[in-house]
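Asker: could you work out the structure for the sequence below:
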Amino acid sequence: MPLTTFVEIPLTQGLITTIDVEDYDLVNQYKWYACRYYKTFYAKRNVKLSVGRWTTQYMHTLITGAKGIDHINLNGLDNRKFNLRQVTMSWNIQNSRARRGSSQYKGVSFAQREEKYKAEIMVDRRSKFLGYFNSEIKAAEAYDKAALHYYGGGAFLNFRD
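Answerer: Okay, the predicted model is just below:
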């Protein structure tokens, strides 16, 4: 029988988080809840500060001891170490799904005045205009090309081979 290398911990809202076995004692001493941020859930806990105020802590921050953590597979409840990496804020924004708006694709929106799709990418906290396109798919392809240029093979793309 294979040795289990991960543990599932129940959270609120009927959700579970997954951690490595070696992190169980560290994580299990606290009460965790599921917290939604955009389309992703994360495991968080409340922390009372010495001055009587409260703050929160993400499970992935406790496990890694670092801030600026990215979930490689985009599942915020998968807190196994192989799925966590420390990144810059710019990279963390890059490795995210498309936000709500006028397109299903990341980096694409519909420009009503031009009646075309506009492609943009965030690089070093600045938006770079990639152009206007007649189709949503062409704009998404332009975004993907720019994402590979600026972020390399680990970029979150609209179209994966």
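Asker: which residue ranges of the chain form helices?
Answerer: Remark: helices assigned in the chain by DSSP state H are 24-28, 59-64, 89-94, 136-151.
Asker: buried residues in the last one?
Answerer: The reference is to helix 136-151. By neighbour count with 16 or more other CB atoms under 10 Å, helix 136-151 contains the buried residues 136, 138-144, 146-147, 150-151. Every residue, glycine included, has its C-beta placed from N, CA and C.
Asker: pLDDT check: weakest of those residues?
Answerer: Note: of the buried residues of helix 136-151, the lowest pLDDT belongs to Tyr151, at 84.
Asker: in the chain, where is pLDDT below threshold?
Answerer: Scanning the chain for pLDDT under 70 picks out 1-3, 88-102, 161.
Asker: domain boundaries for it, per the record?
Answerer: The chain breaks down into these domains under automatic domain parsing: 6-86, 90-153.
Asker: of all those domains, which one is nearest Arg160?
Answerer: The minimum distance between Arg160 and the domains of the chain falls on domain 90-153, with 9.0 Å, by CB to CB.
Asker: hmm, back to that, which among the buried residues of helix 136-151 gets closest to Leu26?
Answerer: Closest to Leu26, out of all of the buried residues of helix 136-151 and judged by CB to CB, is Tyr151, at 31.7 Å.
Asker: on that earlier part again, of the helices of the chain, which is nearest Met122?
Answerer: Comparison of these against Met122 by CB to CB identifies helix 89-94 as nearest, at 5.6 Å.
Asker: list the contacts of Tyr143.
Answerer: Taking CB atoms under 8 Å, 6 or more residues apart in numbering as the criterion, Tyr143 is in contact with 105-108, 119-121, 130, 158.
Asker: ok so, going back, now render the buried residues of helix 136-151 as CSV, adding distance to Leu77.
Answerer: Converted to CSV, these look like this (distance: CB to CB, whole Å):
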residue, distance to Leu77
Glu136, 31
Lys138, 35
Ala139, 31
Ala140, 27
Glu141, 31
Ala142, 32
Tyr143, 27
Asp144, 27
Ala146, 30
Ala147, 25
Tyr150, 28
Tyr151, 24
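Asker: relative to Ala139, how far out is Phe129?
Answerer: Separation of Phe129 from Ala139 (CB to CB, to the nearest Å): 11 Å.
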